[in-house]
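**Q** Generate coordinates for the sequence data below:
(2 chains)
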Amino acid sequence: MNKALSSFIFMVFACLFFAACIKDTNFDQAEDIALTPVVELDLIYFNLQAGRFFDTINSTQILTVRDTTEIRFLDDSTLQESLKRAEFHFIFTNSIPRDFQVDFQFLSELNDTTYVAATSVAEGTVATPVITEFTENVEGEGILSLTQAHKVVVSVTIPSSNENLEGTLNLKSKTTYFLEY
Amino acid sequence: MRNFLTIIFSLVGVFAISQNKQILYGFDDIPQSLMLNPGSKVLQKKHYGIPFLSQIHVNGGSSGVSVYDIFKDGNDDINDRITQKIFEMKNTDFFTATQQLELINFGWRAKNEIYFSAGIYQEFDFIAYFPRDLAILAWEGNRDYLDYEFDFGEISTTGDFMTVYHFGLNKQIGKKLTVGARLKLYSSMFSYRSVKNSGTFVTRLGNENSENIYEHTVQNADVTVETSGYASLRDLDGAGQVTSEILGRAFFGGNIGLGVDVGFNYEINDAWALSASALDVGAIFHSKDVENYRAHGTYTLDGINLIFPALSDGESTFPYYSDLEDEVEREIPIDTLHNGYTQFRPVKFNVGLSYGFGRFNATGACDCLNVGGENLRKQNIGLQFYSIFRPKKPQMAGTLFYHRRFTEYLSAKATYTVDSYSFSNIGLGVSADIGKVNFYIAADNLIKYSNLAKAKSVSLQLGFNIIIDEE
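**A** Here you go, the predicted structure:
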């Protein structure tokens, strides 16, 4: 009986170990695993006083003001591979009684233009500032160009100005990055 | 990232539970039960573990998810399953992996009736709690989680790779009580931990007075990673050099620690016996080759503030981006420190209460295993309790067991265990003596062996010894 019993127990173990398996699973699905986070991130902001558009020393209009900042994360190779869509959102609050033309020129490290976006901003008054919103959706080929960019040049153009011009042009902006890893 | 996830989810399946050896505990026929209770009853006169084969133990698990949950064959999308699991799991769910390999294990009963035992084993122990918030952030991003405070405190993980040198004493005092203790010297080869972290990350929609649309705030962050045995590996060239460096540390080349195991077995009366043990009460003192990283501070990111300065020809504007990077580094500095630290070993407690019945008399003629005139029972049933200290809280397990001696050469133990992983864990262990060679194997979660993918944990121990019985 003992012999029978011991062989039985060994059989049970043997069966368990040979029968032990992983089934009803498909590990090829690992290929399909995709992280698809949607990240919201502030971009640039500024407050431009009306006085910036007039040179009081020389008594001349300054019709276009420019500033540049690096945005080094954009041409990062990881982002280049994983960015599927980017949505820029700009909110202008204008209390200057002029409309504006605002250009965003994206440049590569070697200063080649890779992507451009532009919008016009409606005029407001100091008493009742006017809000202009602008959304730039970038996907497909546009993403390829955008992710070559290393810096962005922001140009703000006023049709005319004088030394008595008052008010502020405010910009707040963010980008929504649709990623896939 | 995708590869990383695949590895994590695959590990969940391959490895199995957290150091609980419920089958081996109190299984006196196997010399390695002395490693779980240095005060357990020793039946043999001498034992020699067959080098490298006396105990092979792998053990791992994940409390919240199984391989099947993620990789099951079905029409639904694997990403939906992962999303569902991420939200189902709690920040107290964890992944563990433990592996032990005995290099040497031997013991003998001296003339003074003390059973000495000693040996060397190598151990790898890993635990990571599920950082739910950060998983959500990585998986979903912050768009749908405005005002939600992602908690860095959920990061809690430790990993140790070491060699343990041990020497134990075991003695029966009077008729009823057996006590034992084991001194352990730990030689750490590699260790890291990141525990007691704090801080939050939140994205809030700004108001009229805010600088920009959002405010991205890291609040009171304090995140630390301590490593020992890592810094010097970084400079080495290739896997060969790394391996030889790590193996060199196995022989006291790395950081040293000290610990004890204590335990007893008390026979309350003819039938009932109570036993308990505390294992790895000790610490490793990391002082050599220590490198720690600490990030701490509070910072709110608003984006890049353009000033539109009036510039002359050839003059360039402010380096906004570099300034921003500098500001972040200033407000949330990442320090590299080299101060030593003390890593307490995860203390394990075992308690067992057993009721024996049926006198064991293998041959009928001679009570061979029972020379001392003690009662060796044919069958035992009982309860066991196990707990192990982990960074967030102890993990516990309760076990019902049935142990039976079939012949002088064969005994088996069956267990039913309830723990963090499941309520349906059946285990079975067999110890067989073939001549002087003892072979044992113990495995749990047997019900899941038909499809290991569904198991949240698996534990397996097996080994070979040479046992010389009392004459």
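
**Q** Please make it C-alpha for all contacts and neighbour counts, starting now.
**A** Will do.

**Q** okay, how far is it across stretch A:103-112, tip to tip?
**A** 16 Å (C-alpha to C-alpha, to the nearest Å).

**Q** Contacts for that stretch next, please.
**A** A:113-119, A:146, A:148-156 (C-alpha atoms under 8 Å, 6 or more residues apart in numbering or on different chains).

**Q** Could you do stretch B:346-364 as well?
**A** B:25-26, B:36-37, B:270-282, B:367-368, B:375-390, B:405-408.

**Q** Which ones, among the residues you listed, also lie beside chain A?
**A** B:Phe406, B:Thr407 (C-alpha under 8 Å from any C-alpha of the partner chain).

**Q** Pull out the buried members of the contacts of stretch B:346-364.
**A** Among the contacts of stretch B:346-364, those classed as buried by neighbour count (16 or more other C-alpha atoms under 10 Å in any protein chain shown) are B:25-26, B:36-37, B:272-282, B:367-368, B:375-388, B:390, B:405-408.

**Q** before we move on, which element is B:Leu169 in?
**A** Per DSSP states H and E, B:Leu169 falls inside strand B:157-173.

**Q** Show me which parts of that strand are buried, residue by residue.
**A** Residues B:157-172 are the ones in strand B:157-173 that count as buried (16+ other C-alpha under 10 Å).

**Q** next one: stretch B:262-271
**A** So, applying 16+ other C-alpha under 10 Å, buried residues of stretch B:262-271: B:Val262, B:Gly263, B:Phe264, B:Asn265, B:Tyr266, B:Glu267.

**Q** And for stretch B:280-297?
**A** B:280-297.

**Q** Give me the subset of the residues you listed that lies in helices.
**A** Counting by DSSP state H, no part of those is found in helices.

**Q** tell me the mean pLDDT over stretch B:341-354?
**A** Average pLDDT, stretch B:341-354: 93.

**Q** Quick one: distance of it to the chain centre.
**A** Its chain's C-alpha centre lies 11 Å from the corresponding centre of stretch B:341-354 when counted by C-alpha atoms, centre = their mean, to the nearest Å.

**Q** Just confirm B:Lys448 is within a helix.
**A** Yes: under DSSP: H, G, I helix; E, B strand; the rest coil, B:Lys448 falls within a helix.

**Q** Could you pull up the contacting residues of it?
**A** With C-alpha under 8 Å, 6+ apart, B:Lys448 has these contacts: B:Lys454, B:Ala455.

**Q** What are the boundaries of the helices in chain A?
**A** With DSSP H as the criterion, chain A has helices spanning A:2-19, A:77-82, A:141-146.

**Q** Name the stretch from the ones you listed where average model confidence is lowest.
**A** helix A:2-19 (a mean of 56).

**Q** quick one: low-confidence ranges for chain A?
**A** A:1-23 (pLDDT under 70).

**Q** Do a quick rundown of the strands in it.
**A** Taking DSSP state E as the test, the strands found in chain A are A:38-49, A:54-55, A:60-61, A:64-70, A:83-94, A:100-107, A:113-121, A:130-139, A:151-157, A:168-179.

**Q** neighbouring strands for the second one, and are they parallel or not?
**A** Which is strand A:54-55. Strand A:54-55 has the following strand partners under DSSP bridges: strand A:60-61 (antiparallel).

**Q** Give me the mean pLDDT for stretch B:322-329.
**A** Mean predicted confidence for stretch B:322-329 is 93.

**Q** Show me what counts as buried in it.
**A** Applying 16+ other C-alpha under 10 Å to stretch B:322-329 flags B:Val328 as buried.

**Q** Grab the most central residue of the chain for me.
**A** Using chain A here. Centroid-nearest residue in chain A: A:Thr175, 3.5 Å away (criterion: C-alpha atoms, centre = their mean).

**Q** not what I meant, chain B
**A** B:Asp125 (4.4 Å).

**Q** What pLDDT is listed against that residue?
**A** Note on B:Asp125: pLDDT of 89.

**Q** Okay, angle between whichever strand or helix holds it and strand B:157-173 too, please.
**A** Under the criterion of DSSP H and E, B:Asp125 resides in strand B:114-129. For strand B:114-129 against strand B:157-173, the angle by axes from the mean of the first three to the mean of the last three C-alpha atoms, to 10 degrees is 160 degrees.

**Q** Now do whichever helix or strand comes after strand B:114-129: distance to the chain's middle.
**A** Where DSSP H and E defines the elements, the next helix or strand beyond strand B:114-129 is helix B:132-140. In terms of C-alpha atoms, centre = their mean, the centre of helix B:132-140 is set 25 Å apart from its chain centre.

**Q** buried ones in helix B:132-140?
**A** By neighbour count on 16+ other C-alpha under 10 Å, the buried set for helix B:132-140 is B:Arg132, B:Asp133, B:Leu134, B:Ile136, B:Leu137, B:Ala138, B:Trp139, B:Glu140.

**Q** For chain A, tell me which of the residues you listed show up nearby.
**A** Restricting these to those within reach of chain A (C-alpha under 8 Å from any C-alpha) leaves B:Leu137, B:Ala138, B:Trp139, B:Glu140.

**Q** contacting residues for the first one?
**A** Counting by C-alpha under 8 Å, 6+ apart, B:Leu137 touches A:Pro37, B:Phe150.

**Q** chain center to the strand holding B:Leu169: distance?
**A** Relative to its parent chain, strand B:157-173 has a centroid offset of 14 Å by C-alpha atoms, centre = their mean.

**Q** same check, this time on stretch B:437-444
**A** Worked out by C-alpha atoms, centre = their mean, stretch B:437-444 lies 21 Å from the chain centre.

**Q** do stretch B:429-449 as well
**A** That offset, for stretch B:429-449, works out to 22 Å (C-alpha atoms, centre = their mean).

**Q** what's the answer for stretch B:403-419, then?
**A** Its chain's C-alpha centre and that of stretch B:403-419 lie 25 Å apart, by C-alpha atoms, centre = their mean.

**Q** What number of residues are in the vicinity of B:Thr298?
**A** 17 (other C-alpha atoms under 10 Å in any protein chain shown).

**Q** just to revisit the earlier point, list the ones among the buried residues of stretch B:262-271 that fall in strands.
**A** Per DSSP E, these map to strands at B:Val262, B:Gly263, B:Phe264, B:Asn265, B:Tyr266, B:Glu267.

**Q** of those residues, closest to B:Asn255?
**A** Using C-alpha to C-alpha, B:Val262 comes nearest to B:Asn255 of those, at 23.6 Å.

**Q** ok so, going back, just the buried members of the contacts of stretch A:103-112?
**A** A:113-115, A:119, A:146, A:148-156.

**Q** what's the farthest-apart pair in those residues?
**A** Longest distance between any two of the buried ones among the contacts of stretch A:103-112 is 23.2 Å, between A:Gln148 and A:Val156; criterion C-alpha to C-alpha.

**Q** any idea which element B:Asn79 lies in?
**A** helix B:78-88.

**Q** Excluding residues flanking it in the chain, which one is nearest B:Phe439?
**A** Nearest non-adjacent residue to B:Phe439, counting by C-alpha to C-alpha, 6 or more residues apart in numbering or on different chains: B:Phe464, 4.6 Å away.

**Q** quick one, what contacts the one you found?
**A** Residues in contact with B:Phe464, defined by C-alpha under 8 Å, 6+ apart, are B:Gly49, B:Ile50, B:Leu53, B:Ser54, B:Gln55, B:Val437, B:Asn438, B:Phe439, B:Tyr440.
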